[in-house]
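Trainee: Fold the stuff below for me.
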Amino acid sequence: MKLTHSRAVLLMIAITLMWSIAGVVTRHLESAKSFEVTFWRSFFTMLSLLVILPAFQGRQVFSKIRHAGRFLWLSGVCWSVMFTAFMLALTMTSVANVLVTMALGPFLTALIARVFIGHRIAPRTWFAIAMAGVGIAWMHGSQVDLGGGFEQFAGTLVALLVPIAAAVNWTVVQRSQAHGEKIDLVPAVLVGAAISSLVTLPLAFPFAATPHDIGLLALLGLVQLAIPCVLSVICARVLKAPEISLLALLEIIFGILLAWVGAGEVPAPSVLTGGVLVIGALVINEILGWRQRA
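Mentor: Numbers count the residues shown, from 1 in each chain. This next block holds a predicted model:
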C-alpha cells in the first residue's frame, strides 16, 4: 500500500477512531474480568490476522515470520505488551488514570527515537507535543486518583507499559525502514497477538464470559485491534515516530466522545477544553509541516 503523507495522516485519524471503541465496548461486558478480557481480545485479534494477512500478502507471510530478523520479533513483543497492559490496566484502575498515563507516549517516543536512532525532532513537533500534553493534563488532571489503594497504583504502573512499548515499537519500525532493511513488520502484529494470547490464557481461568461478552470481545479483536494495528504499521512507513504518537492521542478524544454517546459518561467542561488543546496541537503541527514540505 503506497501512501502520501496527507493520506497517511487521514488514515491514522481513522485508526485512532477504531482504537477508541475499547472503553465504551468494555463498559457493556457482563461477566468477563481482568486477564480473561485480555485473552479473548488478543485471541480474536490473532484469528482475524490469520485471515487478513494471507488475504493481502499471500501464504508467504508465514514464511516471513519463520525467517524474520530481530526487528520483527522485537516489534511483536512490543505489540503483545501493549495488547495485554492496556486491557489489564482498565480492569485495575480508572479510565482516567490509564488515559493520562498513555498521554506520555509522544514524550517517550521522541526521547527514544532521538537517543537510539538519532531522530531529529522539529521545533514545531516539540511545541505540539507540549501543547497536547497540557491538554491531556487539563482534561483528566482533576480526575486522576492515585489514593485508591495498591490496586489503583499498580494499575497505573501497568498502564505505563503501554506508552513505553509503543515508543519502542514506533522507533523499531522507523529504524528498520531508515536503514534500508526491507523488513515487513506488519506480521509483527500477529506475533504480538499470539504472544498475548499464550501468556494470558493460563491466567484467564476459570472462564466467566457470557456469549454476549465473547461477541463484544470478538468485535474488539477485529475492529479495534487487528485492522487498525496493521494499518498503523503501514502508516509508520510514511510518518515519523513522534508524529504517529502525537496523532495517536486522538484516541483519547474519540474515546471520551464515544463513552459520552454510548455509555452516558458526560465529560466535564475541563475535558472539552483539553480536547480543544489536543486537536489544536495536531492541526497546527500538520499545517506547519505541510507548509515546510511545500
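Trainee: what about P211, how many neighbours?
Mentor: 8 (other C-beta atoms under 10 Å). Bear in mind the C-beta positions are built from the backbone N, C-alpha and C, glycine included.
Trainee: actually G275, not the one I wrote
Mentor: Other residues near G275 come to 21 when the count uses other C-beta under 10 Å.
Trainee: Could you report the distance from the closest residue to L160 other than its chain neighbours to L90?
Mentor: In space, L160 comes closest to T101 once its chain neighbours are excluded; the distance is 5.3 Å by C-beta to C-beta, 6 or more residues apart in numbering. Taking C-beta to C-beta, to the nearest Å as the criterion, T101 is separated from L90 by 11 Å.
Trainee: rewinding a little: report the contact partners of the residue nearest to L160.
Mentor: By C-beta atoms under 8 Å, 6 or more residues apart in numbering, T101 lies in contact with 89, 156, 159-160, 162-163.
Trainee: In TSV: those residues, plus secondary structure.
Mentor: Shown next, in TSV, are the contacts of T101 (DSSP: H, G, I helix; E, B strand; the rest coil):
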residue	secondary structure
A89	helix
T156	helix
A159	helix
L160	helix
V162	helix
P163	helix
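Trainee: Of these, which one scores lowest on pLDDT?
Mentor: Scanning these for pLDDT, the smallest score is found at T156, 78.
Trainee: give the contact list for that residue.
Mentor: By C-beta under 8 Å, 6+ apart, T156 lies in contact with 89, 93, 97-98, 101, 146.
Trainee: Contacts for stretch 277-285 next, please.
Mentor: Applying C-beta under 8 Å, 6+ apart, the contact partners of stretch 277-285 are 124-125, 127-129, 131-132, 134-136, 138-139, 243, 246-247, 249-250, 252-253.
Trainee: Tell me the buried residues within those.
Mentor: By neighbour count, with 16 or more other C-beta atoms under 10 Å, the contacts of stretch 277-285 hold 124-125, 128-129, 131-132, 135-136, 138-139, 243, 246-247, 249-250, 252-253 as buried.
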